[in-house]
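Peer 1: A structural model of the following input is requested.
(chains A, B and C)
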Amino acid sequence: MKKKRIVIHEEYCIGCRLCEVHCLVQHSKSRDIVKAFKEERSSTMARVMVEESGPVSFALQCRQCSESNCLEACISGAMHRDPETGAVVCDESKCVGCWMCIMVCPAGAIRQNLTGTHIASKCDLCYGSAMPACVLNCPNEALTYEEVEVRD
Amino acid sequence: MQIIIIGNSATAVGAIESFREYDQSAEITVVSEEPHLIYSRPLLSHFLGKEIERSRLAYRPSDFYVKHSIRPILEDAVTAVEPEAHTIRTASGLSLHYDKLLICTGGTPIVPPLQGIDIPGIYTFTKLQDALSIERYIDDYPISRAVVVGGGMIGIKAANALMKRGIPLTMVELAPRILSAAMDEAGSAMLTQILAEHSVQVLTNNTVTSIHQSEGRFSGVTLRDGRELGAELLVFGIGVRPRVELAKAAGLVVNKGIVVDKFMRASAPDIYAAGDVAEAYDLVVDMNRTVAIWPNAYRQGAIAGAHMAGVDRADIGGIAMNAVEVCGVPAMSIGNGNVTGSEYEVLSEIDERSQNYKRLVLQNDRLVGALLIGNISRAGIYTGLIRHKLDVSSVRKNLLSEHFGLLSLPDQYRKHVVSGSSIEI
Amino acid sequence: MALSYISPQFIIERDASRCIACQVCVRQCANDVHSYNEEDGLVSSHSLNCAGCHRCVTACPTQALNVRLSPLDFRPHANWTPSIITNIYKQAESGGMLLTGMGCDQPYRIYWDHMVLNASQVTNPSIDPLREPMELKTYLGSKPEQLEFSQSQDGLELDTEIGPQLELAIPIMFSAMSYGSISFNACESLARAAQIAGTYYNTGEGGLHPDLYKYGANTVAQVASGRFGVHLNYLNAVAALEIKVGQGAKPGIGGHLPGEKVSLDISRTRMIPQGTDAISPAPHHDIYSIEDLRQLIFALKEATHYSKPVSVKVAAVHNIAPIASGIVRAGADIVAIDGLRGGTGAAPTVIRNNVGIPIEMAIAAVDQRLRDEGIRHRASLVAAGSIRSSSDVVKAIALGADAVYIATSALVALGCHLCQRCYTGKCNWGIATQDPYLTKRLNPNIGARRLVNLLRAWSLEIKEMMGGMGVNSIESLRGNRDHLRGVGLNQVELDALGIKAAGY
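Peer 2: Residues are numbered from 1 along each chain as shown, chains lettered A, B, ... in the order given. Got it, this is the predicted structure:
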């Protein structure tokens, strides 16, 4: 089955971290970039992270594995597969922050969200948006949102 | 087709969700001796610690059984499995036919053979009923001190919950150090220090030798070193052993747990076992063994479920691992993180002041284990390296780097993880 | 160290109420203009090194940045302008030639802006390009004296053998920029765009990277004085060859790619040792006469079995008309002329700003001379050196060019902001650089798309202008100077351009 997924093109990542900036804004309360950074910085975080070493860099977010270790390891049932998009999403109202998902994610794409809370934080493909904020705002198309074949 | 699942926890859910991916028509019956819908046992400490409401114990939404067309038989214990006849019998007198049977009965809490442990104030801590009983007891009686017997994962989790309730604690551990199965000495020492900073009295090399009671309730213990402790609550958190009684009686091959193959098939036709009760393949130690952890339980259930539906999803094996927070400090033990010996190469880094510890164990240039305390970011990458048995000799020096990440690893592995929609390698 | 007298050219304004200290500007500036202070959590700017390339302004997610010319004023002096004074400071400090990049930035008259186009009214109908076909297709190459036909059973058959031609879907090609002067991604953007748009890009004197051979059918390969990267496969992999004699930005001057830019990839492509300076001599040392040029032209034709047109590119200089005549007589199929305002990756400022003549004059002179000599058909004429818009294209063709080369416009489409610091190798837009941190900033998928868009937009405009003039084929416009009128030009200029003044 074909699903929309974020594809990473590391050869075009310029390490600007605009993906992180806009991911943070997208997950902030106001969704206003200046407010998010100046007033809500302590209560919001980006779910995408840029890895950088020398000239090589890439923006990493949940890879949406078809056999997701985090889904198996989640003790609270917070990690679930969205029936519509097939994306692995963390229900933040259920997560207790046990960090089992962090322990098993092979990409290291899940992080502790300790900004006034205690939950696992991961990419939710900007649930409800036509295009995730990181893809939309990547200035060099190092992230693209493409139909890819996923295991049903 | 009739599917029967004995047990109602992670393994059962794994089996049901995976089975239903392939087969929507077969009838599935879940038999559980507990009266509750599927709930998460690891969350009990969070519930007892008042971090979450009871409703959040639900591991799956309340319509889970209906959505997956499950017939639940609750509050009824299976008394016999009859492999020849393909039937099971229950305490209420039911006799049910199965075409495929999954035994996921989990484990029984270990309780030392002491006199007078059936009195109020003494509890195990593995089931919802245990948590409810402890909670009620705390509500009913003033607790000036609680004793937690066992310094393993369950003991730590019980301690976390009681601390959140503001109850002063003594933890008694038979071994020379707490979390001895998960941590090495340095890790245990750091966690002991953290407990001590939170006023938890940790007594190692020690055990309860007798129980005191007053007015029919628990009132204290005598320890092996002769010390006497007054306390109103005692929680056994020693561990669990596989509940293999049914399987044994049915004539299945049982070692410590029920012996299974890579499809979770037990020794009799059409019978599967998975989860804490099963002795499945562990890829780190390269042998079958029982490992009572949640991720394995779910995955093994899913493999059994798939096979019951006629789909071969062979198990590549589990890894013993666990994550726990000790007084808010996260700690993880993955694979053979605590082993010592000349066949291993250990990379470690410790900072006692900031309470950070990392210990990586390599064997034949492969990562076989990791311990992390404090900074656990990107821990799963280590787990992935262990699972994929990647040769890390070329990147050894990066493994402990402050900026450890996928860029610390060989290009090809990184590109596979980053660009593949699946991480299978 | 003695005090430097050079003051910042730009001033960076940061709106503190909008700056979120995300440090995108810090990461995007290769000149280290912006920096983040961990202690106070603020980003600040040090404008001395600012090239005015606007990378930070464009990337800033909150539009908190602005770059302005430094308001620092010298006491006004019409003769001793700030730039002249500053140049003296620079040379007094360095003792070296001043270097620069891109085309001449001096305010010489831009004749494109003093020519206007005609349009049909009443007595001759204009054409609506949305309703009627408009032909932009252009063939470059030598055309026969006359066509001879014979009658056969199937009708008329063409007997005249026509030499190799380049077929252009639009009369615009990307002119020579070497791999080395620009990044691989920039080369690939140009190559891909040329392929999609049905035109050609030019390798410059950089050789052809193995990964670009697949665009060979849309490639013009240069043979220049350094002969870098020239071998038989190279010559045969492409659609046409071009002997580069001169470049508009630096007539009479050779080229110099410093060793630090000669990476492994570039050294392989150019066939020179890694890390050595790639020096293109000022002249071709085997061309000291028209006869010598003819030898090289035919050497190339022999090597490629007369299957490709051969172009000769020269800078527009004083005697360009007889030079072009000589080139045609030497056997060139295409003459490319690069004007005063043509770009470069690096040139001495004094040369760039003072040598050569504007392309408008050169095209007019050459077209006229070749017509007068009756040899205009023997070669196509390509105008280069600052074609900035579709109207420049139309005017160039009306003056007598068959097609134009664009390079600066193409780079601007790719992000170039004309900061003129190409020679530093620190192009923040990933174009004129080999720094792996910077080259990846130009994604060829985006680059090719932008270039194709530009060509498409221009071709729409060209058709619109042609339609207005009542011309439905670009061929009918070529050399048709009656469609041009001069505005604000004196009679000498009008005569040189071969056009009438507006009102006549």
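
Peer 1: from now on I want contacts and neighbour counts done on CA atoms only, so please keep to that.
Peer 2: Fine.

Peer 1: you'd agree C:R75 is in a helix?
Peer 2: No: secondary structure assignment (DSSP: H, G, I helix; E, B strand; the rest coil) places C:R75 in coil, not in a helix.

Peer 1: please give me every residue in contact with it.
Peer 2: By CA atoms under 8 Å, 6 or more residues apart in numbering or on different chains, no residues touch C:R75.

Peer 1: show me the shaky parts of chain A.
Peer 2: Along chain A, segments meeting pLDDT under 70 span A:151-152.

Peer 1: which residues in it form strands?
Peer 2: Ranges of strands within chain A are A:2-8, A:49-53, A:56-60, A:79-81, A:88-90, A:111-113, A:119-121, A:143-149, based on DSSP state E.

Peer 1: from A:A36, how far off is B:E232?
Peer 2: To A:A36, B:E232 is 50 Å away according to CA to CA, to the nearest Å.

Peer 1: now the strands of chain A as a markdown table including mean neighbour count and distance to C:P283?
Peer 2: Compiled in a markdown table, those are given as follows (neighbours: other CA atoms under 10 Å in any protein chain shown; distance: least, CA to CA, whole Å):
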| stretch | mean neighbour count | distance to C:P283 |
| --- | --- | --- |
| strand A:2-8 | 20 | 48 |
| strand A:49-53 | 17 | 44 |
| strand A:56-60 | 23 | 41 |
| strand A:79-81 | 19 | 69 |
| strand A:88-90 | 23 | 65 |
| strand A:111-113 | 21 | 62 |
| strand A:119-121 | 23 | 64 |
| strand A:143-149 | 16 | 47 |
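
Peer 1: distance of the closest residue to A:A87 other than its chain neighbours from C:R75?
Peer 2: Distance criterion CA to CA, 6 or more residues apart in numbering or on different chains; nearest residue to A:A87, sequence neighbours excluded, is A:R81 at 5.4 Å. Noted for A:R81: a distance of 70 Å to C:R75, by CA to CA.

Peer 1: how about C:Q420?
Peer 2: Taken as CA to CA, the span from C:Q420 to C:R75 is 26 Å.

Peer 1: same question, B:P120
Peer 2: Counting by CA to CA, the gap from B:P120 to C:R75 is 97 Å.

Peer 1: do B:L390 as well
Peer 2: 70 Å.

Peer 1: repeat for C:I266
Peer 2: Distance from C:I266 to C:R75, by CA to CA: 47 Å.

Peer 1: got it, and C:L65?
Peer 2: From C:L65 to C:R75 the distance is 29 Å (CA to CA).

Peer 1: what does B:K415 give?
Peer 2: Taken as CA to CA, the span from B:K415 to C:R75 is 60 Å.

Peer 1: same check, this time on B:S55
Peer 2: On the measure of CA to CA, B:S55 and C:R75 end up 79 Å apart.

Peer 1: what do you get for C:R441?
Peer 2: 41 Å.

Peer 1: give me the residue from chain B nearest chain C.
Peer 2: For chain B and chain C, the shortest gap (CA to the nearest CA) falls at B:L407, measuring 15.8 Å.

Peer 1: which one's the longest helix in chain A?
Peer 2: helix A:18-26 (DSSP state H).

Peer 1: check contacts around the residue nearest the centre of chain A.
Peer 2: Closest to where the C-alpha atoms of chain A average out (CA atoms, centre = their mean) is A:C123, at 2.0 Å. A:C123 sits next to A:R47, A:V48, A:Q61, A:C62, A:V89, A:I110 when contact means CA under 8 Å, 6+ apart.
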